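# mind looking at a prediction? Sequence and model below.
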Amino acid sequence: MIGQGGRVWLNRLTRVAVFALALLLLSGVRVSSAENAIRIVSPADGVWVTEDKLFVAGTITGPVQTVKIRGAGKVAVQPGGVFGAIVSLGRGLNKVEVKAADAKAQVRVFYTNDARKKAPPADFTRLYAHQKPTAFTCKECHRLKKGVFNFKQLKPVRVNCTTACHQDKGKAKHVHGPVGAGVCISCHSPHGTLNPSFVAKEGGALCTNCHQDRQDEFEQEIVHPPVEEGCSECHNPHESANRYQLEYDGEALSALCLNCHDADMFMQDTQHSPVEEGDCIACHRPHSSANAALLIAPVDGGALCFECHDDLKEDFELEYLHAPAEESCTECHDPHSSKAEYMLKEPGGELCAMCHRDATPEVYETIDNAKVEHPPVSEGQCVKCHRPHSSNQAALLVEPMEKMCLNCHTDLGEIIAESKNRHGPVKTGDCTACHNVHGSQYDRLLARFYPVNFYSRYDKNTYDLCFGCHNPDIARTKRTESLTNFRDGNYNLHFFHVNNVKGRVCTACHDPHASNQAKHVRYEVPFGAWSYPISLTKTINGGTCVVGCHAPKEYDRQNPKIRR
């Protein structure tokens, strides 16, 4: 006896076998006489098999007790006019004939145990024949009522496939419903079919006879190739140690995926959490999807990643968005595993170079040819200065430029913070006006040449950095009424200090960043290992300079104090 669950499976699932049998009845071969009619239900005419034994079944009408089957001899007719017997086949073409009284029927069956050596006729169809045990009769499966078999409905009893022949089935932790209920004929024909393993239908069509609620999962735009080939590529149709009868060895679901997919893509040093846990379906649908790579959500714009990484969503919503982040996280990150931190496709600066060597070639020309390197750049730490996803600052800077630079250059930051007079680029926060932040040909990452010594022979090009903004005539015109206020009468004191074989460089007196004295005059003059203080006192028409380099000097634009 079977329980309620078995009856449910029988009522729901045996329709497949009943339908298949009905087709056989319709396609059977019949020859009639005045009183008798013989129908060979199985096999159909024009099939070929690889077994030398074949079960022949049919029906006969009329008052006959036996039929004669070629290859089996006399066979008793069962109640309801049913007969069946196993016949022996010879190699090649066999004419399986059934006779009774003045009626007969015949089907052609071709037997070969090697179709390559002895091929069947071209118009014959392969029959996968089920070798029915001789002890079984029609009444084992078909309902007999008032002496007549009803072949359109099977008996609601346990068909003993797993006890008579297939004793290894139904023992695992997870058993397919029909196997557990003993209704193997839900999927298999007991006589045979034109499909391997004598299943009623091929591929997924067999499964969706029952799993109709899953049909939509197999009809989206992107279909998993194993699904197209049939569910049994991933699921054991009978039983498995794993849930859903999945076919894999090991604890993690990923073991199933690795039956087909290259394991190397999952095994690098840094692994994505779902990969590490073997949970491939955290990101991928196993059957079909509207998205590429069977993803559960579109990868464009980070929609897929935000399914889990919702805490990072704000990183992508600032004013300036990095183009790869706008397109897809996988532009920079490997979704499975990587040799680099954060699952980056390449470590640090190497990753940025993958795009920016083409997108900003002038930057990489500077980096490649730099004589003076900026440590964050040479160490590949682009994210020290740039945010990788989005930013409220142009060029994806992590903060406004001045604040960002002073996070590292803290001593300079203290000087600027304490000073009320700032150099123009410092005032506007534009450090790149004087410095090339990716690398430079010049000391201190300067954008143009500037001498490193305290004294330097005057030449316009010597002060190329300063004269990129300031008027170069200020240092080459001896007398002027307008170029500068630092003059005694019309004698240009910039000319006096700079335009000399042993000229003082601009930074001898001026701090290039900031100062509390007017005109960014520095607090002290650096000279070798020493420093000399500078004190500038301005007057209406000039001023007084007290410096360790020379005695106090006074200059006046109206009443010259220095004789020249």
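Cool, the structure landed.

# beta partners of residue 491?
Judged by DSSP bridges, the bridge partners of residue 491 are residue 479, residue 488.

# contact partners for it?
Under the criterion of CB atoms under 8 Å, 6 or more residues apart in numbering, the contact partners of residue 491 comprise 478, 479, 560, 562, 564. (C-beta placed from N, C-alpha, C; glycine too.)

# list buried residues within the residues you listed.
When the contacts of residue 491 are checked for burial by 16 or more other CB atoms under 10 Å, the buried set is residue 560.

# between the contacts of residue 491, which is closest to residue 397?
When those are compared for distance to residue 397, the smallest value, 44.5 Å, is given by residue 478; criterion: CB to CB.

# if we can go back for a sec, got TSV for the contacts of residue 491, with distance to residue 264 and pLDDT too?
Putting the contacts of residue 491 into TSV (distance: CB to CB, whole Å; pLDDT from 0 to 100) gives the following:
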residue	distance to residue 264	pLDDT
478	75	94
479	78	95
560	83	92
562	80	81
564	80	67
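
# closest to residue 153 out of the contacts of residue 491?
Nearest to residue 153 among these, counting by CB to CB, is residue 478 at 120.7 Å.

# for that closest one, which non-adjacent residue is closest in space?
Leaving aside its chain neighbours, residue 478 sits nearest to residue 495 (5.0 Å; criterion: CB to CB, 6 or more residues apart in numbering).

# so residue 89 sits against residue 49, correct?
Yes - because the distance of 7.2 Å satisfies CB atoms under 8 Å, residue 89 is recorded as touching residue 49.

# how far off centre is the helix or strand in which residue 349 is found?
Assigned by DSSP states H and E, residue 349 falls within helix 348-359. For helix 348-359, the gap between its own C-alpha mean and the chain's C-alpha mean amounts to 21 Å (CA atoms, centre = their mean, to the nearest Å).

# just the buried residues of that helix, please?
Under the neighbour-count criterion of 16+ other CB under 10 Å, helix 348-359 has 348, 349, 351, 352, 353 buried.

# over to stretch 375-395?
376-377, 380, 382-391, 393.

# let's have these in CSV, adding pLDDT.
As requested, these are arranged in CSV below (pLDDT from 0 to 100):
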residue, pLDDT
376, 95
377, 96
380, 94
382, 95
383, 94
384, 95
385, 96
386, 96
387, 95
388, 94
389, 94
390, 94
391, 95
393, 95
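
# out of the residues you listed, which are inside helices?
In helices, judged by DSSP state H, the following of those are found: 376, 377.

# hmm, back to that, columns distance to residue 485 and pLDDT on top of the buried residues of helix 348-359, output as a markdown table?
As requested, the buried residues of helix 348-359 are exported to a markdown table (distance: CB to CB, whole Å; pLDDT from 0 to 100):
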| residue | distance to residue 485 | pLDDT |
| --- | --- | --- |
| 348 | 50 | 86 |
| 349 | 48 | 91 |
| 351 | 52 | 95 |
| 352 | 47 | 95 |
| 353 | 49 | 95 |
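
# ok, of those, which one's closest to residue 80?
Using CB to CB, the shortest approach to residue 80 within those belongs to residue 351, at 77.5 Å.

# residues touching the closest one, list them.
For residue 351, counting by CB under 8 Å, 6+ apart, the contacting residues are 332, 340, 344, 345.
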